[in-house]
Structure formats: structure tokens, C-alpha cells
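Undergrad: Build me a structure from this.
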Amino acid sequence: MHKIRQKKLMCTDDKRIDQFLSHARTGYLGLTDGEIPYVVPLNFIWMNGALYFHGATEGKKINLIHANPNCCFTVSEDYGTMVSPIPAKTDTAYMSVMLCLEY
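TA: Numbering: from 1, shown residues only. Okay, here's the model as predicted:
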């Protein structure tokens, strides 16, 4: 796990992470096409600690995975804006999980 800049915002509760991933339906698969990033939204399910997504057995996504299996899958859900009277203090409440695979 990579450390984040604001440690107080990091969720390390495996049960909460598992519940979040179990209820989310769309994630973003990040691949590379040479040196160019390629990110594709996917429907997925999280079951028994594994990620499953549906897709064709051929096409650009599959070609990129074969060329370079290093990838990242990100899921994020926006819970709304936390408004402050001071504009610079306004923030967004959200939960996100990044799953990175390196081969």
C-alpha cells in the first residue's frame, strides 16, 4: 500500500473497504498504450476479495493488457460538497479505492 499525503483521511478498515467495493458498480481501469494513458470505465463486481469485470475477449483493452499487464483500477464515490464560509476551505466528501497490479 502506498502512503497518502493526508494520513488522517486514509481508510484502513478492511471491512469498510470491502463493503464499499461490494456496493459500487463502476470503476476505471487504467492501462498504457505505449507512453499514452488509456482509462476505460467498467462495470464490475467485488467478490471474495477479487475483482471481476465483464468484457470482450478481444479489442484494444485486451491488446493493451497483453502488451503491458501493469494496471490500476480505481473506484470512487462522491458524497457531496462540504461547504465552508471560506471558499478555500470548501472540500468534497468522497470514498475511493485504488487497486494496482504490477507484474
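Undergrad: what ranges do the helices span in this protein?
TA: Per DSSP state H, the chain carries helices over the ranges 14-23, 60-67.
Undergrad: want to throw those into TSV with mean neighbour count and mean pLDDT?
TA: (Each C-beta comes from the backbone N, C-alpha and C, glycine too.) Formatted as TSV, the helices of the chain follow (neighbours: other CB atoms under 10 Å; pLDDT from 0 to 100):
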stretch	mean neighbour count	mean pLDDT
helix 14-23	13	93
helix 60-67	13	95
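Undergrad: Take the ones you listed and write them to CSV, including distance to Leu29.
TA: Below are the helices of the chain laid out as CSV (distance: least, CB to CB, whole Å):
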stretch, distance to Leu29
helix 14-23, 14
helix 60-67, 7
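Undergrad: Quick check: chain neighbours aside, which residue is closest to Gly55?
TA: Spatially, and ignoring its direct neighbours in sequence, Gly55 is nearest to Lys61 (6.2 Å; CB to CB, 6 or more residues apart in numbering).
Undergrad: so who does that neighbour touch?
TA: 29, 31, 38, 40, 55 (CB atoms under 8 Å, 6 or more residues apart in numbering).
Undergrad: ok, now how distant is the first one from Thr81?
TA: Noted for Leu29: a distance of 27 Å to Thr81, by CB to CB, to the nearest Å.
Undergrad: which of these two has more neighbours?
TA: For Leu29 versus Thr81, the count of surrounding residues by other CB atoms under 10 Å is larger for Leu29: 21 against 10.
Undergrad: Bridge partners for that one, pull those for me.
TA: Beta bridges link Leu29 to Val40, Phe73, judged by DSSP bridges.
Undergrad: how much space is there between Pro37 and Asp13?
TA: Pro37 is 30 Å from Asp13, where distance means CB to CB.
Undergrad: Ok, Glu102 next?
TA: From Glu102 to Asp13 the distance is 24 Å (CB to CB).
Undergrad: go on, Pro69?
TA: Distance, Pro69 to Asp13, using CB to CB: 29 Å.
Undergrad: and what of Glu35?
TA: 37 Å.
Undergrad: cool, Met82 as well?
TA: 21 Å.
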